[in-house]
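Undergrad: Turn this into a model:
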Amino acid sequence: MPSLSEDEGMILFLMDLVRIDTNASERRNYWEIVKLIRDRAESIGMRTHIQVFRDERGDLPNLIAWKDLGAEKNLLLLSHYDVVPAKGPWRINGMEFDPFDPRRVDGRIYGRGAADDKSAIALSLSACQIVMEGGEAEYNPIVAVVGDEEVGGTGVTALADGGLDEAGIRPDAVVVIDAAPDFVGIGASGVIHGDIIVRGRGGHAGRPFSSLNPINMAIKLADELLTGFSQIHAMKLSKIPSPPDSPVPKLWGRFSITKVEAGTQHNVIPSEATIGFDIRFIPDEDKEEVIERFKAALSAASCKIGADVELKIKDTANPGWMTDPDNDFVRDVLASYEKHFGSRAIAGSLGGNDGFVFARKGIPTVSLGTIEIESNAHGELENVREDIILKMRDTIVDLLT
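TA: Numbers count the residues shown, from 1 in each chain. Predicted structure coming up:
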C-alpha cells in the first residue's frame, strides 16, 4: 500500500488543480493547468506530449503522459481539466470561501472541479507512480487529460483523431474516470442540446390585446413537449441497466427544459422568446433518428397552439456509447473494482461522458469515477470524498498490475 505521504501528496496536488479556474465557457487558464499536469507527470518519470487543437475559440491543449513498462497492452486513463463556471462565496460550517480556493472539511475536498473532474487527474497520476515504482504491469499506463468536455467534447475528439498519433501511442482499452463510484459504467447517454425560438408580436404591456405574446406561447409549447415528447421519449429503454437507485431499471430517455430567455423590461411585451432544452437518449438509438422524432413532436405542438417557431440544434458531438458487458476487459475491471468497492454492479451513465469517442472506434471502454450524488457536481459546494479518491486510485493500480 502507498505511504501516507503519497496519499497526502495526491490530495494536495488535487487542491492545486482546483485553485486554477478552468472555466470551459471561456477556455480560461487552459495552458496553466496543462503545464502543471505535465510537470507533475514528468516528475514521476512519465514521457509527455501536449497536443494543441486550434479552432475559432483559440487554442485547446490536451496533455498526454505515458510510460512503457514492457507490457503487451496499453491502458488509457482519460479525464478532463475544464469545469463549469462558479460564483462565490460558498459557505460551509459558517466559513466563507471562494470556489477556487479549496477547503478540506470532514474528509471532503470542497471546490469547483474537486469531483468533476480534477480528482480523476490526481488519482490517475498517483496510480501511475505506484505502478511505475513496482516495475511490473499488465498494462503500460497512458494518462490523457483533455479540455472542453463540459461544452461538447472538442478536446477528446481532437485527442482521438490526432493527439495520440502525435505521441506515437495507441490504447488497447480505456477507462474514463468521470463517473459515479457506485458502479462500473459500460455505457453513457447521448446528448442533444438546442433552442426553440418562439416569435410573436411585441408591444406595450398596457395593451396586451394588440400584441401576440411569445412568452405565453412558449409556456404552452413547453407544456406540450413535457407532456407529449418527454413521455414518449421516456419509454425508450436501453439494454444496459441504469445506475443504482434510479427510478427506472434500464437506462431511459430524458427531456428537460433548461433555459428560458425573453424580454428586457417589465412594461414591454417582447417579440421573441427562447426555450433551451436538453435531450438525453439511450446509446442503443441513433442520434439523427432522435432529432427527427423531436422535430416531428415540435411541429405537431407548434401547430396545435398556433406558434411560429424555429428550431436550432446545437452539435454536442456526443452520440452515447456502450461496451459489451461480457468483454474480457470489462470482467477485469469488475474484478479490480470488487476488491476495493465490494460490488460488481454495472450500469450506463445518466450523463454523457468522453467514452463515446473510443467506444465508437471499437476500443473496450468503461467509466469509473469519484462523483457521488452528494458531490453536487456543477452546483454550489461541489466536493469529493478523500476516501473515495483513495479507493478509486487503488482500483486503477490493481487493474494496471
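
Undergrad: how about D278, what does it touch?
TA: By CB atoms under 8 Å, 6 or more residues apart in numbering, the contact set of D278 is 191-193, 255-256, 258. Where you see a C-beta, it was placed from the backbone N, CA and C, and this is true even at glycine.

Undergrad: Quick one, which of those has the minimum pLDDT?
TA: Taking the contacts of D278 together, the minimum pLDDT is found at V191 (91).

Undergrad: rewinding a little: redo the contacts of D278 as JSON lines? Include secondary structure and distance to I121.
TA: Conversion of these to JSON lines gives the following (DSSP: H, G, I helix; E, B strand; the rest coil; distance: CB to CB, whole Å):
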{"residue": "V191", "secondary structure": "strand", "distance to I121": "23"}
{"residue": "I192", "secondary structure": "strand", "distance to I121": "28"}
{"residue": "H193", "secondary structure": "strand", "distance to I121": "26"}
{"residue": "F255", "secondary structure": "strand", "distance to I121": "32"}
{"residue": "S256", "secondary structure": "strand", "distance to I121": "29"}
{"residue": "T258", "secondary structure": "strand", "distance to I121": "28"}
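
Undergrad: could you redo those as TSV and give each row neighbour count and distance to D39?
TA: Output for the contacts of D278, formatted as TSV (neighbours: other CB atoms under 10 Å; distance: CB to CB, whole Å):
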residue	neighbour count	distance to D39
V191	22	33
I192	22	38
H193	18	35
F255	22	44
S256	12	40
T258	10	38
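
Undergrad: Out of those, the closest to G348 would be?
TA: Of all those, the one with the least separation from G348 (CB to CB) is V191, at 13.2 Å.

Undergrad: confidence score at A317?
TA: In the prediction, the pLDDT value recorded for A317 is 69.

Undergrad: same question, E6
TA: According to the per-residue confidence, E6 scores 84 in pLDDT.

Undergrad: I'd like the distance from the helix or strand encompassing it to the chain centre, please.
TA: In this structure, E6 is located in helix 4-18 according to DSSP states H and E. When C-alpha coordinates are averaged (CA atoms, centre = their mean, to the nearest Å), helix 4-18 and its chain have centres 22 Å apart.

Undergrad: buried sites along it?
TA: Across helix 4-18, burial judged by 16 or more other CB atoms under 10 Å covers 7, 9-11, 13-15, 17-18.

Undergrad: repeat for stretch 42-49
TA: Of the residues in stretch 42-49, those buried by neighbour count under the rule 16+ other CB under 10 Å are 46, 48-49.

Undergrad: between those, which is closest to A335?
TA: Within the buried residues of stretch 42-49, distances to A335 taken as CB to CB reach their minimum at M46, with 25.8 Å.

Undergrad: pLDDT score for the nearest residue in space to P364 that is not next to it in sequence?
TA: For P364, the nearest residue in space outside its immediate sequence neighbours is F329; the separation is 3.9 Å by CB to CB, 6 or more residues apart in numbering. Among the per-residue scores, F329 shows a pLDDT of 97.

Undergrad: so who does F329 touch?
TA: Taking CB under 8 Å, 6+ apart as the test, what F329 contacts is 173, 323, 364, 366.

Undergrad: what about 10 Å?
TA: In this structure, F329 makes contact with 73, 75, 139, 172-175, 323, 363-366, 399, judged by CB atoms under 10 Å, 6 or more residues apart in numbering.

Undergrad: mind checking which helix or strand it is in?
TA: Secondary structure here is read from DSSP H and E; on that basis F329 sits in helix 328-341.

Undergrad: buried ones in that helix?
TA: Of the residues in helix 328-341, those buried under the neighbour-count criterion (16+ other CB under 10 Å) are 329-330, 332-334, 336-337, 340-341.

Undergrad: Which element is encountered next along the chain beyond it?
TA: Heading towards the C-terminus - elements assigned by DSSP H and E - helix 328-341 is followed by strand 346-349.

Undergrad: Sheet partners, orientation included, of that next one?
TA: strand 184-188 (parallel) (DSSP bridges).

Undergrad: how about the CA coordinates for the partner strand, as CSV?
TA: Presented in CSV, the C-alpha positions along strand 184-188 are these (Å, rounded to 0.1, in the frame of the first residue of the first chain):
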residue,chain,number,x,y,z
VAL,A,184,-18.7,0.2,-13.4
GLY,A,185,-20.0,2.2,-16.4
ILE,A,186,-20.4,0.2,-19.6
GLY,A,187,-22.1,3.0,-21.5
ALA,A,188,-23.4,6.5,-21.3
